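> Everything below, folded, please.
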Amino acid sequence: MFLFNVRVYGLLINEKEQVLLSDEEHEGVYLTKFPGGGLEYGEGLIDALKREFFEECGFQIEIKDHLYTTDFFEKSAFNESQIISIYYLVKPLSPVQLASSELPFDFPEGSKFRQAFRWRNLHALQSSDVTFLTDKKAIEAVKKRWKESTL
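All right, here's what the predicted structure looks like:
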């Protein structure tokens, strides 16, 4: 049997040309990714991304444009499924009131879910800033699009 895990992520770029990153710990693994997560049964990509952003960040988003979809095989780091990731450029529907840090993995004290946000300058963003290969490919796509001035 083949198992597929469909993931959807949003790249939020603010007025200072900074992109939002999410530092997380899952099952003892520290990772940096873009906000987003997995589809739930019966959900479409856009609804899943809006739900994930609201759950993680606490604000509503609008989808601006499709950025990148996985075009290679990637096995999950957590189970035996194949990961298919879809990335969108997003914008907030209200002012962003999000606690963030300059330091990686600067988790709030006493939180059960270990997640922290930070902004990274788009000009300085590198593939080494994120953990998974699909996110690295999304960085390549956003930097190419930024150079072409279509963000």
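
> Which helix in the protein has the most residues?
Secondary structure assigned by DSSP state H gives helix 133-147 as the longest helix of the chain.

> Just the CA trace of it, in CSV.
Output in CSV follows, covering the C-alpha atoms of helix 133-147 (Å, rounded to 0.1, in the frame of the first residue of the first chain):
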residue,chain,number,x,y,z
LEU,A,133,14.3,19.7,0.9
THR,A,134,10.8,20.8,-0.2
ASP,A,135,11.2,24.0,1.8
LYS,A,136,14.6,24.6,0.2
LYS,A,137,13.0,24.3,-3.2
ALA,A,138,10.3,26.8,-2.2
ILE,A,139,13.1,29.2,-1.2
GLU,A,140,14.6,28.8,-4.7
ALA,A,141,11.2,29.5,-6.2
VAL,A,142,10.5,32.6,-4.1
LYS,A,143,14.0,34.1,-4.7
LYS,A,144,13.6,33.6,-8.4
ARG,A,145,10.2,35.2,-8.4
TRP,A,146,11.5,38.1,-6.2
LYS,A,147,14.3,38.7,-8.7
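
> In it, which residues are buried?
Residues of helix 133-147 classed as buried: 134, 135, 137, 138, 139, 141, 142, 145, 146 (neighbour count, 16 or more other C-beta atoms under 10 Å). Backbone N, C-alpha and C define where each C-beta goes, glycine included.

> residue contacts, the fourth one?
The neighbours of residue 138, taking C-beta atoms under 8 Å, 6 or more residues apart in numbering as the test, are 9, 11, 34, 67, 68, 85, 87.

> hang on, the earlier thing: measure how far the longest helix of the chain is from the centre of its chain, please.
In terms of C-alpha atoms, centre = their mean, to the nearest Å, the centre of helix 133-147 is set 12 Å apart from its chain centre.

> just to revisit the earlier point, need the contacts of residue 138 in TSV (columns: secondary structure and distance to residue 100).
Formatted as TSV, the contacts of residue 138 follow (DSSP: H, G, I helix; E, B strand; the rest coil; distance: C-beta to C-beta, whole Å):
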residue	secondary structure	distance to residue 100
9	strand	18
11	strand	15
34	coil	14
67	strand	22
68	strand	24
85	strand	23
87	strand	20
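
> For these, which two are the farthest from each other?
With C-beta to C-beta as the measure, no two of those lie farther apart than 11 and 85, at 12.0 Å.
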